[in-house]
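**Q** starting from these lines, generate the structure:
(one chain, ligands or ions: 6)
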Amino acid sequence: MVRLLRLAGLAAGALLQTAAALEVNFADQTDVFEAASTIAFGLMKYYTGNNTGDVPGNLPDPYFWWEAGAMFGHLIDYWHITGDETYNNLTIQAIVHQSGDLRDLMPKNQTSTEGNDDQGFWAMSVMQAAENNFPNPPADQPQYLALAQATFDLYVSRWEPQDCNGGLRWQIFAINPGFNYKNAISNGCFFNIAARLARYTGNQTYAEWAEKVYDWETEVGFITPQFTVEDGAHVEDQCAQKTEFLWSYNAGIHLHGAAVMYNITGSEVWKARLDGLLATTVEVFFNNSIIFEQACEPFQVCNIDQRSFKGYLLRWMASTAHLASHTADIIRPLLQASGEAAALSCDGSGSPGVDFRGHPGTACGQDWSKKTFDGFAGVGEQMNALAAVIYTQGGASAAPVTLDSGGTSRADESEGTTKKSKYDFAPIETKDRVAAAFVTVAFCLGVVIGTVFMILD
Ligand SMILES: *[C@@H]1O[C@H](CO)[C@@H](O)[C@H](O)[C@H]1NC(C)=O
Ligand SMILES: *[C@@H]1O[C@H](CO)[C@@H](O)[C@H](O)[C@H]1NC(C)=O
Ligand SMILES: *[C@@H]1O[C@H](CO)[C@@H](O)[C@H](O)[C@H]1NC(C)=O
Ligand SMILES: *[C@@H]1O[C@H](CO)[C@@H](O)[C@H](O)[C@H]1NC(C)=O
Ligand SMILES: *[C@@H]1O[C@H](CO)[C@@H](O)[C@H](O)[C@H]1NC(C)=O
Ligand SMILES: *[C@@H]1O[C@H](CO)[C@@H](O)[C@H](O)[C@H]1NC(C)=O
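**A** Ligands and ions are numbered 1, 2, ... in the order given. All right, here's what the predicted structure looks like:
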């Protein structure tokens, strides 16, 4: 099935290839920004949240809520690097709309299925808005820093020492599949946000939590002595047996958090972690200097979520080069090569079932080693290529700010005393645990079937 789709996509791409491929002179910044604008235009044609009567902040099916949150992170950096304000208002509107009644990035429409990582991807985007001095929402609306802090507070309340000696679960609620799974991405969101809050506010409590999360992930074996970052483990066996898939976003989220911790401490301990994570990231996720999602991309079995992962790794690498200048010599050539390869993939015209409505012949593909569109179009492909192209110029943009160096996003003073009571969760009951165990078994079977499919393909 996957193979057929790909061939059909290739044929369609080949026919229209001559129409208007994206040609970029990377020595000319204006040209690069123009290409980025074309890719962003194609990306935002998928977004329906700006249509009359639609819900701001949502992407249409099959894209989940978390990916929309992640997409606004790319748009915030797009503005920061290129200065193009086209999508700013729509981004502010989306964040305010999805902030939730309690201003904690838990909007009612999402909470039944929301995981710690879903909340985290929105929180990392608002954190980035604060660090980039992205235009703030009106004063009576939720502020970026306050939303990131509320997410941090919730993570602290969900830290759970009784299983696996600590860590966040993947899911927040017992009814959801994956509640019995603790994973690197959820704890990576906690680590990354805590480190950045520490840097932005100077408050040591956040730095202590960042340390604590990183240490736990090392103890439990999600972060290995070789600095690979494994996917996660189940609470039934106290996280003994790891799910060993390596995903680019798990590497990137920890790499970036370590860079932030190194930036604020200057410590040799964090430098060693940062350098170790970087060396392993380069070894695992790059081939001929071009980034790739090694667990699924070569087999063409990446799911919708996974098809957006490598763009986040690029974002976190670009920021790492800012925060720890000794890494720039390693990182910038990889960003350059990946950006150039990504642009070459943007000569497609969509793929079966995907309605690409950007400029004809500029749909971006998934596998950039092909040097042309590979038949896979979609939001993830468009996001990744946008990231790759802008980060070739990332060195020219300002470094992330803090409250002491011009940051304008503030905590929401009015919250203060009411904060605690609003986060009262019902205790987990035995029957929920049993139900969760069943869904986890179903989830594991899904993983097994997926793996078999991957091997068969
Ligand atoms: C969003 O919607 C408004 C109102 O319909 C429109 O003026 C604006 O051009 C749209 N923005 C984008 C980026 O599509
Ligand atoms: C964004 O919104 C502000 C306030 O409503 C308005 O003044 C400005 O023109 C808008 N910018 C764009 C690019 O649409
Ligand atoms: C929740 O979903 C409903 C139905 O789609 C929609 O009308 C409403 O605007 C959504 N609310 C928020 C805050 O997104
Ligand atoms: C630092 O952050 C923690 C956690 O939010 C908070 O309890 C504490 O009051 C903050 N300290 C200062 C000095 O702001
Ligand atoms: C790396 O690229 C080379 C040349 O394109 C290719 O032969 C090789 O299979 C790639 N390696 C991986 C792990 O995909
Ligand atoms: C931290 O980041 C800032 C901004 O890029 C930079 O000026 C500073 O030198 C960095 N600190 C360290 C210890 O690398």
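**Q** when you work out contacts or count neighbours from here on, use the C-alpha atoms and nothing else.
**A** Will do.
**Q** name the residues of this protein found near ligand 1, please.
**A** 50, 86-87 (C-alpha under 6 Å from any ligand atom).
**Q** mind doing that once more with 5 Å?
**A** Within the chain, the positions near ligand 1 by C-alpha under 5 Å from any ligand atom are N50.
**Q** near ligand 2, which residues of the chain are found?
**A** For the chain, the residues in contact with ligand 2 (C-alpha under 5 Å from any ligand atom) are 86, 89.
**Q** could you pull out the strands in the chain for me?
**A** Here the chain has its strands, by DSSP state E, at 181-183, 230-234, 242-246, 286-287, 290-291.
**Q** in the sheet, which strands lie alongside the second one, parallel or antiparallel?
**A** By that I understand strand 230-234. strand 181-183 (antiparallel), strand 242-246 (antiparallel) (DSSP bridges).
**Q** burial of H359, as a residue count?
**A** Other residues near H359 come to 17 when the count uses other C-alpha atoms under 10 Å.
**Q** what's the answer for G166, then?
**A** Residues within reach of G166, counting by other C-alpha under 10 Å, total 18.
**Q** return the residues in contact with the residue nearest to N250 when sequence neighbours are not counted.
**A** Distance criterion C-alpha to C-alpha, 6 or more residues apart in numbering; nearest residue to N250, sequence neighbours excluded, is I185 at 5.7 Å. Contacts for I185 (C-alpha atoms under 8 Å, 6 or more residues apart in numbering) come out as 117, 170, 231, 249-250, 253.
**Q** send the alpha carbons of stretch 111-130 over as CSV?
**A** C-alpha atoms of stretch 111-130 as CSV (Å, rounded to 0.1, in the frame of the first residue of the first chain):
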residue,chain,number,x,y,z
THR,A,111,-8.4,17.1,27.8
SER,A,112,-10.1,13.7,27.3
THR,A,113,-7.2,12.6,25.1
GLU,A,114,-4.4,15.0,26.1
GLY,A,115,-1.0,13.6,27.0
ASN,A,116,1.9,15.2,28.8
ASP,A,117,3.7,15.5,25.5
ASP,A,118,0.8,17.1,23.8
GLN,A,119,0.6,19.8,26.4
GLY,A,120,4.4,20.0,26.3
PHE,A,121,4.6,20.8,22.6
TRP,A,122,2.3,23.8,23.0
ALA,A,123,4.2,24.8,26.2
MET,A,124,7.5,24.7,24.3
SER,A,125,6.0,26.9,21.6
VAL,A,126,4.9,29.5,24.1
MET,A,127,8.3,29.3,25.8
GLN,A,128,9.8,30.1,22.5
ALA,A,129,7.5,33.0,22.0
ALA,A,130,8.8,34.4,25.3
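**Q** wait, A210 sits on C189?
**A** No. Assessed by C-alpha atoms under 8 Å, A210 is found out of contact with C189, at 10.1 Å.
**Q** settle it for me: which of the two has more neighbours?
**A** Shown here are A210 and C189; by other C-alpha under 10 Å, C189 has more neighbours (28 against 25).
**Q** so how many other residues sit close to the closest residue to the more buried one other than its chain neighbours?
**A** Excluding the flanking residues, the one nearest C189 by C-alpha to C-alpha, 6+ apart is G120, at 5.3 Å. Applying other C-alpha under 10 Å, we find 27 other residues in the vicinity of G120.
**Q** before we move on, what about Q29?
**A** Counted with other C-alpha under 10 Å, Q29 comes out at 16.
**Q** which parts of the stretch 351-457 of the chain are helices?
**A** Assigned helices in the stretch 351-457 of the chain, in chain order: 379-391, 430-456 (criterion: DSSP state H, counting those that start in this stretch).
**Q** from the contact counts, what lies against the shortest one?
**A** Helices and strands in packing contact with helix 379-391 are listed as helix 29-44, helix 65-82, helix 309-323, helix 328-344; criterion 3 or more C-alpha pairs under 8 Å, 6 or more residues apart in numbering; DSSP states H and E.
**Q** show me what the last one is packed against.
**A** When contacts are defined as 3+ C-alpha pairs under 8 Å, 6+ apart, helix 328-344 sits against strand 290-291, helix 309-323, helix 379-391.
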